[in-house]
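K.L.:
here is my input; please provide its structure:
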Amino acid sequence: MPDYPLPAIALDQIADVGARHAICGLLNLVEELMTENRTLRAEVQRLRDENNRLKGEQGQPTIKANTKSTAPAGDHASERERRRPTPRQVSGTLQQITIDRTEVLPVDPTLLPPDAECKGHEPVVVQDVVFRTDNVLFQKEKWDSPAAGKSSLAPRPPGYEGEFGPGIKALTLVFSHAGQMSEPKILEVLRSVGVKISDGHLSNLLIKGQEPLHAEKAALVEAGLRSSPWQHTDDTATRVNGQNQHCHILCNPLSTAYTTLPGKDRLSVRDVLRNGRPRTFLLNDEALGSLARVNVSALTRQRLLQLPYDQVLDEPALLRLLAEHLAGVGAQQRKWIRDALAVAASHAQAEGPVVQFLVCDEAPQFTWLTEELGRCWGHEGRHYKQLDPYLPQHRQELERFLADFWAFYDVWLAYRQQPSAVERGHVEAAFDTLFARETGYARLDERIALTRGKKAHLVLVLTHPEIPLHNNPAELGARQRVRKRDVSFGPRTVEGVRAWETFMTLAATARKLGVSVYHYIHDRVSGRNRMLSLADLIAQEAQVLNLGASWTTPSPAPSTF
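P.N.:
Predicted coordinates:
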């Protein structure tokens, strides 16, 4: 069946209004039928492939059409549509290179003419690395004291505990978590230069004895939370010892943190925002009001009043009280109760850093946890890209709208650079105009109406211009975890989970702060500790950037799930 069996129809040239509306309705009906037809064809093909596989044959191969991407390498998927070619810029790389040694290269005198004179030297910089073993035989002095009845043995230098020195320890950690190499490949590289190491020993180097760095990760996350009242967040599926879990990404311009938890519900996200502090719950007016809005019955709310009022509870105490007073409540209502009491406790908390603003996608678990919630414009644009109209006029309407959508995105970017009260009114009016458009393409009009309904979460940059318009940092952080998962599948132990979290966090944050992750980890595993901690660097940079510049007064707490 050809893609465009019907020519484009100029509806605006049909004088009869009734006929124009009827034809428009018929075109949308054709569009719906073609969409359904495509869906059914894909399902039939999937069932055929599954039937063939059950018979021991192969399904139809998936062969994608050749496409030439116009986006620059490393582009953010959320912004690809709006990219424009930019002139290539040559950076001053040579000025950034540290010279480790200087070597004078003479000219062979036999090749010189008799009257040749030396005019100095012409510098040429060549970068190189040395990758070889540095095996050390330590001759440890041993002293015996017959009078004291004891022996004294010289200690090893810091970082040389065990069979391997700090160079190998740091390199394996960087290979695994910053370079995302699998353990077999790391072994292959190390053994190629003469390192004698077993599979098990490499695994131990990667996950065991890392308590100091786990503590640095916790401090880093705390500093990241304190550095800004707003954070990006996202999550991605992961496997732990063959079981499905979720890796949560929390980041801002100064830090990126990874946390692996069994769930991705609202309480799990709250755990991430509280940096693993014990859960707390609070029954108060806010919690009761929230439960009323999600239609928890009046009888259940009345029975809740048997719990301590305006008193912070820990999780064991809450579960005990719920079992005692609300034993017959269903699982969904019990979940709402725990969520409402947990969020009420978050809004009332005074200790620790408080996240006031989340930039995230539309997943429901992110709602209601913070004072304000910003939606990602990149995600919103993807909803329109997922439309696949069949009729040519519908394709034209979609292309026209997408062009205007990304042009409006540029308006947002310009406003963030120079916000003002006058421009704020212009931008908000432009939003109302764009998302009031009616195209006649029913699916597109429905999508536009849905965006219009999200206005409160899409225009928060008007009052907080420092907030990004997209959630790319969290998405890119999730992509790093996905690549790690593709290479190494997943950790199998609690120690492995902590190692993945810690070193991916250190590597991602070091990149943001312009710190060499290899030098940083080598500094720590060698015991030198000469480099400033990443947590301290975050605190210093936060004072310079002032990421919470627009938070002069707190906003009212949200009131709905």
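K.L.:
so T233 belongs to a strand, correct?
P.N.:
Yes - under the criterion used here (DSSP: H, G, I helix; E, B strand; the rest coil), T233 sits inside a strand.
K.L.:
quick check: it touching I249?
P.N.:
Yes - using Cβ atoms under 8 Å as the test, T233 is close enough to I249 to be in contact (6.5 Å). No exception for glycine: its C-beta is placed from N, CA and C like everyone else's.
K.L.:
hey, what's in contact with both of these two?
P.N.:
A shared contact of T233 and I249, defined by Cβ atoms under 8 Å, 6 or more residues apart in numbering, is any residue touching both; here these are A474.
K.L.:
which residues touch E423?
P.N.:
Applying Cβ under 8 Å, 6+ apart, one finds that E423 lies in contact with Y415.
K.L.:
quick check: which element contains it?
P.N.:
helix 421-434 (DSSP states H and E).
K.L.:
so where do the helices sit in the stretch 101-250 of the chain?
P.N.:
For the stretch 101-250 of the chain, the helices defined by DSSP state H, counting those that start in this stretch cover 166-173, 183-192, 199-207, 211-227.
K.L.:
just checking, what packs against the second one?
P.N.:
Using 3 or more Cβ pairs under 8 Å, 6 or more residues apart in numbering; DSSP states H and E as the contact test, the elements touching helix 183-192 are helix 166-173, helix 199-207.
K.L.:
with mean neighbour count added, can I get the ones you listed in a markdown table?
P.N.:
Below are the helices and strands packed on helix 183-192 laid out as a markdown table (neighbours: other Cβ atoms under 10 Å):
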| stretch | mean neighbour count |
| --- | --- |
| helix 166-173 | 22 |
| helix 199-207 | 17 |
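K.L.:
identify whichever of these lies nearest to E372.
P.N.:
Proximity to E372 (Cβ to Cβ) singles out helix 166-173 among the helices and strands packed on helix 183-192, at 37.9 Å.
K.L.:
show residues contacting that closest one.
P.N.:
The contact list for helix 166-173 (Cβ under 8 Å, 6+ apart) reads 134, 159-160, 186, 190, 195, 197, 202, 205-206, 503, 518, 521-522, 525-527.
K.L.:
CA atoms of that helix as PDB?
P.N.:
Provided in PDB are the C-alpha atoms of helix 166-173 (Å, rounded to 0.1, in the frame of the first residue of the first chain):
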ATOM      1  CA  PRO A 166      47.800   1.900  44.000                       C
ATOM      2  CA  GLY A 167      48.500   2.100  40.300                       C
ATOM      3  CA  ILE A 168      46.700  -1.100  39.500                       C
ATOM      4  CA  LYS A 169      44.000  -0.500  42.100                       C
ATOM      5  CA  ALA A 170      43.200   2.900  40.600                       C
ATOM      6  CA  LEU A 171      43.500   1.800  37.000                       C
ATOM      7  CA  THR A 172      41.100  -1.200  37.500                       C
ATOM      8  CA  LEU A 173      38.500   1.100  39.100                       C
END
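K.L.:
does A257 sit in a helix, a strand or a coil?
P.N.:
Secondary structure of A257, reduced to three states by three-state DSSP: strand.
K.L.:
ah, wrong one, I meant E541
P.N.:
Judged by three-state DSSP, the three-state class of E541 is helix.
K.L.:
what's in contact with stretch 380-391?
P.N.:
3-4, 6, 8, 27, 30-31, 34-35, 38, 78, 81, 395, 397-398, 401-402, 405-406, 409, 441, 443-444, 447, 450-451, 454, 458.
K.L.:
if you could redo that for stretch 428-444, that was the one I meant.
P.N.:
For stretch 428-444, contacts defined as Cβ under 8 Å, 6+ apart pick out 11, 24, 27-28, 31-32, 35, 384, 387, 389, 393-394, 397-398, 400-401, 404-405, 408, 411, 445, 448-449, 451-452, 455, 458-459, 462.
K.L.:
do that again at 7 Å, thanks
P.N.:
With contacts defined as Cβ atoms under 7 Å, 6 or more residues apart in numbering, stretch 428-444 is touched by 11, 24, 28, 31, 387, 389, 394, 397-398, 401, 404, 408, 411, 445, 448, 451-452, 455, 459, 462.
K.L.:
of those residues, buried ones?
P.N.:
Using 16 or more other Cβ atoms under 10 Å as the burial test, the contacts of stretch 428-444 include 24, 28, 31, 387, 389, 394, 397-398, 401, 408, 445, 448, 451, 459, 462 as buried.
K.L.:
so for the helix or strand containing H379, what gets flagged as buried?
P.N.:
Secondary-structure element containing H379, defined by DSSP H and E: helix 377-385. Of the residues in helix 377-385, those with enough neighbours to count as buried (16+ other Cβ under 10 Å) are 377-378, 380-381, 384.
K.L.:
what mean pLDDT does it get?
P.N.:
Along helix 377-385, the predicted confidence averages to a pLDDT of 93.
K.L.:
what inclination does the next helix or strand after that helix have with respect to helix 377-385?
P.N.:
Tracing the chain past helix 377-385, the next element assigned as helix or strand by DSSP H and E is helix 392-417. If you take axes from the mean of the first three to the mean of the last three Cα atoms, to 10 degrees, helix 392-417 sits at 170 degrees to helix 377-385.
K.L.:
just to revisit the earlier point, now, the contacts of stretch 380-391 that are in helices?
P.N.:
Under the assignment DSSP state H, these contribute 27, 30-31, 34-35, 38, 395, 397-398, 401-402, 405-406, 409, 443-444, 447, 450-451, 458 to helices.
K.L.:
got a quick PyMOL command for the buried subset of those residues?
P.N.:
Entered in PyMOL, the line below selects the buried ones among the ones in helices among the contacts of stretch 380-391, by 16+ other Cβ under 10 Å:
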select buried, resi 27+31+34+395+397+398+401+402+405+406+409+443+444+447+451+458
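K.L.:
what about Q356, how many neighbours?
P.N.:
Counted with other Cβ atoms under 10 Å, the neighbours of Q356 add up to 18.
K.L.:
so where's the stretch 1-150 of the chain shaky on pLDDT?
P.N.:
Along the stretch 1-150 of the chain, the model assigns pLDDT under 70 to residues 1-7, 59-94.
K.L.:
which parts of it are strands?
P.N.:
In the stretch 1-150 of the chain, strands defined by DSSP state E, counting those that start in this stretch lie at 142-145, 150-153, listed in chain order.
K.L.:
dump those strands into JSON lines; add mean neighbour count as well.
P.N.:
Shown next, in JSON lines, are the strands of the stretch 1-150 of the chain (neighbours: other Cβ under 10 Å):
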{"stretch": "strand 142-145", "mean neighbour count": "9"}
{"stretch": "strand 150-153", "mean neighbour count": "10"}
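K.L.:
got a markdown table for those strands, with distance to E423 too?
P.N.:
Formatted as a markdown table, the entries for the strands of the stretch 1-150 of the chain read as follows, by distance: least, Cβ to Cβ, whole Å:
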| stretch | distance to E423 |
| --- | --- |
| strand 142-145 | 77 |
| strand 150-153 | 73 |
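K.L.:
that older thread, next, the angle from the helix holding H379 to helix 442-453.
P.N.:
160 degrees.
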